[in-house]
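Participant: what's the 3D shape of this:
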Amino acid sequence: MLRVIKPARANQGPFIWRAIFFAGALLAASALTFLAQTPQAPATASSHVVTKDVAVPMRDGVVLRADVLLPAESGRFPTLVYRTPYNKEFAFRDGNTFEKAVARGYAVVVQDVRGRYASDGEFNAYRNEGRDGYDTIEWAAKQSWSDGNVGTFGLSYPGAVQWLAAVESPPHLKAMVPAMTFSTPRNFFYSGGVFDGSWLDWIWFNIAPDIRRRKNLSGPQTRKEASAAWKQEHQRMQEFLPLRDLPDLKDVAPFYYEWLSHPAADPWWDWAELSNKYDRVHAAVLNFSGWYDEAYGPDGATTNFNGLLAARHGEKDPRTRTIIGPWTHGGQAESRSGERDFGPTAAIDYDELILRWMDHYVRGIDNGVDHVKRVRIFVMGDNQWRDEDSWPLARAMATTFYLYLARKNSPRMIWSLQKNPPTDLSTYFQFISDPSQPLTDPYEEFGARDYQSIPGKRNVLVFDAPLLKRDTEVTGPMRATIFASADVPDFDLWVRLLDVWPDGRAFNLMSPGLDVLRASYRNGSLKPELLEPGTIYELKVDRLLTSNVFKKGHRIRLQISGAFFPHFSRNLQTGESEITSSKTKRGLIRIYTDKEHPSAVTLPIIPR
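Facilitator: Coordinates of the predicted model:
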């Protein structure tokens, strides 16, 4: 039986689909150690009470609204908070986590964030979530139905809100499970100094329709309308220059243009920086991501994990762990990611993962989650879960592969990766980078995709290692050191690692994002450090990471280009920013591989 109590004001927001909201449907069972402990209470509630649109006052007087789910019996309960910009009505309708938690003995608060659906105020993406999250957690802890112990959970934006609140140190926050979210704005809003182009469609599909409805603005106000308009307008919008002059989001997302006005290294972004604030976080944190998640996800899961370990050095239980599977963003219920199937153990019961963490760190149940190893990763290729003591793996052997020219005077020049350092002098390869005709990703969706059609294009270089004589595992952070020059004052360097199968298929090992570096951002400076034509620069792309076994008979491939559109904004190659300018310049990029400039990629090989 479900009793619903509605106060005078009901939710005014219509249903809207969103692209990156955690879908809480019943998930498949997994082999995760967290889930193999003592059985818990049944996850199906016979009855509970829901109070709709409960007013939650913020410190500045703005009222946010939440649905509160309580067990049918009276009492004070440990409390879980879930905050979303994607409509709490849809979250409640689509997800099972909430009812499972109530059946387990929790009170659950499901809240629309500021300026979204039932909540008042102006939506300013991410900007208010620290203070509002703190106020909501502390409000929940003080309610008559709460025992004062609070946990938070959620994926993507509902994951980010947890971190932004946690660094505010709410005293009643005991545990959190921030899934598939970021560690630093430099790898989130930007990456490698390049603005992330996916914010455009995120706003178009997930944010703009409800804002138009709330403000009675013209344009798409439903998912269906937004999808139809996107089909007609997406190419114009994605190619529009300069970025700051795009008219389509001026009325619905002023925060987008504010982001564009602040470069990646601007101190303005400190409000979203986590790396210098781990000592402020006192909750137990389970980090969670996927190898094919948005690129900030696995970087966030590992960086935040290690940051917490450092801040809690010496504690018997540092109360943090990390799990990374083979999934796309929100795809943890699936065994398939793109075109690769990773087997029946790849999908997990995400609800149970959350609740076991909360059972221990919010309710104090001794269920063993504090005794398992701190890192759990899915090793692709072998398609197996494995527990580890740390990240990176201590036993990893850094192995360097150098770029070589393998065959000349053939219909297509063949480049290779070799373990021996080069001995030649003045050797280089070159490719054309034209912002008006950038290398474009043929796939619209993330996941493992076959890129065997890429080699042979004038705007890309491809380097293959010899056929592997044995299974070779690469697990951990990877780095590319590339010596390059250009006849333009700036360019972007993309370095992507692929697994080439015997039949020619070439699968990427991560989503685009951590594999790009803007040359003028090579030192992470606030102002661009432009290139002198013909001068050779050392560029380091050192944020790559994966866990993959390249099987016997496979090849390791390195792909280098000056763009991978439309995932990130284009470098105009004039020295001007694409945010403020529209003029482009075609460039000739040279990649050097000689004794003095040994361009290479270094991989963490795990002894088998």
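
Participant: so which helix or strand takes in residue 552?
Facilitator: With elements taken from DSSP states H and E, nothing contains residue 552; it lies in neither a helix nor a strand.

Participant: That one contacts residue 469, doesn't it?
Facilitator: Yes - the criterion here is Cβ atoms under 8 Å, and residue 552 meets it with residue 469 at 6.5 Å. Bear in mind the C-beta positions are built from the backbone N, C-alpha and C, glycine included.

Participant: Tell me which of those two has more neighbours.
Facilitator: Taking other Cβ atoms under 10 Å, residue 552 and residue 469 do not tie; residue 552 has more neighbours (12 against 8).

Participant: Could I get the contacting residues of the more buried one?
Facilitator: The neighbours of residue 552, taking Cβ atoms under 8 Å, 6 or more residues apart in numbering as the test, are 468-471.

Participant: Now the buried members of these.
Facilitator: Neighbour-count burial (16 or more other Cβ atoms under 10 Å) is assigned, among the contacts of residue 552, to residue 468.

Participant: Between the contacts of residue 552, which sits nearest residue 176?
Facilitator: For these, the residue nearest residue 176 by Cβ to Cβ is residue 471; the value is 37.3 Å.

Participant: Poorly predicted segments of the protein, please.
Facilitator: Of all residues in the chain, those with pLDDT under 70 make up the ranges 1-46, 406-414.

Participant: show me where the stretch 251-400 of the chain has helices.
Facilitator: Along the stretch 251-400 of the chain, counting by DSSP state H, counting those that start in this stretch, helices occupy 254-260, 296-311, 350-361.

Participant: Can you tell me which of these is packed in deepest?
Facilitator: The highest average neighbour count among these, using mean count of other Cβ atoms under 10 Å, belongs to helix 350-361 at a mean of 25.

Participant: So which other helices or strands are in contact with that helix?
Facilitator: Taking 3 or more Cβ pairs under 8 Å, 6 or more residues apart in numbering; DSSP states H and E as contact, the helices and strands that helix 350-361 lies on are helix 97-103, strand 146-155, strand 173-179, strand 284-292.

Participant: Let me have the ones you listed in TSV, extended by mean neighbour count.
Facilitator: As requested, the helices and strands packed on helix 350-361 are arranged in TSV below (neighbours: other Cβ atoms under 10 Å):
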stretch	mean neighbour count
helix 97-103	23
strand 146-155	25
strand 173-179	27
strand 284-292	28
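
Participant: So for residue 521, which of the ones you listed sits nearest?
Facilitator: strand 284-292 (24.4 Å).

Participant: Strands of the stretch 201-350 of the chain, start to end?
Facilitator: Assignment of strands within the stretch 201-350 of the chain using DSSP state E, counting those that start in this stretch yields the ranges 284-292, 320-328, 336-337, 340-341.

Participant: can you tell which of the ones you listed is closest to residue 50?
Facilitator: Judging these by Cβ to Cβ, what sits closest to residue 50 is strand 284-292, at 26.7 Å.

Participant: Go through whichever strand or helix holds residue 93 and flag the buried ones.
Facilitator: When elements are assigned from DSSP H and E, residue 93 belongs to helix 88-94. Buried residues in helix 88-94, counted by 16+ other Cβ under 10 Å: 88-92, 94.

Participant: again with stretch 261-271
Facilitator: 262-265, 269.

Participant: Can you add distance to residue 203 and give those residues back as a markdown table?
Facilitator: A markdown table is the format used below for those (distance: Cβ to Cβ, whole Å):
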| residue | distance to residue 203 |
| --- | --- |
| 262 | 17 |
| 263 | 20 |
| 264 | 19 |
| 265 | 23 |
| 269 | 18 |
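
Participant: nearest to residue 247, of the residues you listed?
Facilitator: If you rank the buried residues of stretch 261-271 by distance to residue 247 using Cβ to Cβ, residue 262 comes first, at 20.7 Å.

Participant: does residue 509 really touch residue 548, like I thought?
Facilitator: Yes - contact criterion Cβ under 8 Å: residue 509 and residue 548 qualify, at 5.2 Å.

Participant: Between the two, which contacts overlap?
Facilitator: By Cβ under 8 Å, 6+ apart, residue 509 and residue 548 have these common neighbours: 291, 380, 499.

Participant: Which of the residues you listed sits closest to residue 207?
Facilitator: When those are compared for distance to residue 207 (Cβ to Cβ), residue 291 wins out at 27.3 Å.

Participant: show me the contacts for the closest one.
Facilitator: With contacts defined as Cβ under 8 Å, 6+ apart, the neighbours of residue 291 are 298, 324-327, 337, 378, 380, 509-510, 546-548.

Participant: ok, the closest residue to residue 580 other than its chain neighbours to residue 566 distance?
Facilitator: Taking Cβ to Cβ, 6 or more residues apart in numbering, and ignoring the residues beside it in sequence, residue 580 has residue 242 as its nearest neighbour in space, at 5.2 Å. As judged by Cβ to Cβ, to the nearest Å, residue 242 and residue 566 stand 16 Å apart.

Participant: Tell me which of the two has more neighbours.
Facilitator: Set side by side, residue 242 and residue 566 show more neighbours around residue 566, with 20 against 17, by other Cβ under 10 Å.

Participant: ok, that one touching residue 238?
Facilitator: Yes - under the criterion of Cβ under 8 Å, residue 566 lies in contact with residue 238, with a separation of 4.5 Å.

Participant: Ends of stretch 444-462, what's the gap?
Facilitator: The first and last residues of stretch 444-462 sit 22 Å apart, counting by Cα to Cα, to the nearest Å.

Participant: related to what we said a few turns ago, Serialize the contacts of residue 291 to TSV and add fields for distance to residue 219.
Facilitator: Shown next, in TSV, are the contacts of residue 291 (distance: Cβ to Cβ, whole Å):
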residue	distance to residue 219
298	35
324	38
325	37
326	38
327	33
337	34
378	41
380	41
509	38
510	35
546	40
547	43
548	43
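
Participant: What is the nearest of the residues you listed to residue 305?
Facilitator: The nearest one, if we look at these relative to residue 305 and count by Cβ to Cβ, is residue 324, at 9.8 Å.

Participant: ok, the residue nearest to residue 580 touching residue 583?
Facilitator: No - between residue 242 and residue 583 there is no contact, the gap being 9.5 Å when judged by Cβ under 8 Å.

Participant: overlap in contacts of the two?
Facilitator: Counting by Cβ under 8 Å, 6+ apart, residue 242 and residue 583 have no common neighbour.

Participant: Of all the strands of the stretch 201-350 of the chain, which one is nearest residue 113?
Facilitator: It is, among the strands of the stretch 201-350 of the chain and with distance given as Cβ to Cβ, strand 284-292, at 20.6 Å.

Participant: neighbouring strands for that closest one, and are they parallel or not?
Facilitator: As defined by DSSP bridges, the strand partners of strand 284-292 come to strand 173-179 (parallel), strand 320-328 (parallel).

Participant: So what's the residue count around residue 607?
Facilitator: 7.

Participant: before we move on, the earlier item: quick check: phi and psi on the residue nearest to residue 580?
Facilitator: When quoted as degrees, to the nearest 10, the phi and psi of residue 242 stand at phi -70, psi 160.

Participant: and what of residue 166?
Facilitator: Backbone phi and psi, for residue 166 under degrees, to the nearest 10, turn out to be phi -60, psi -40.
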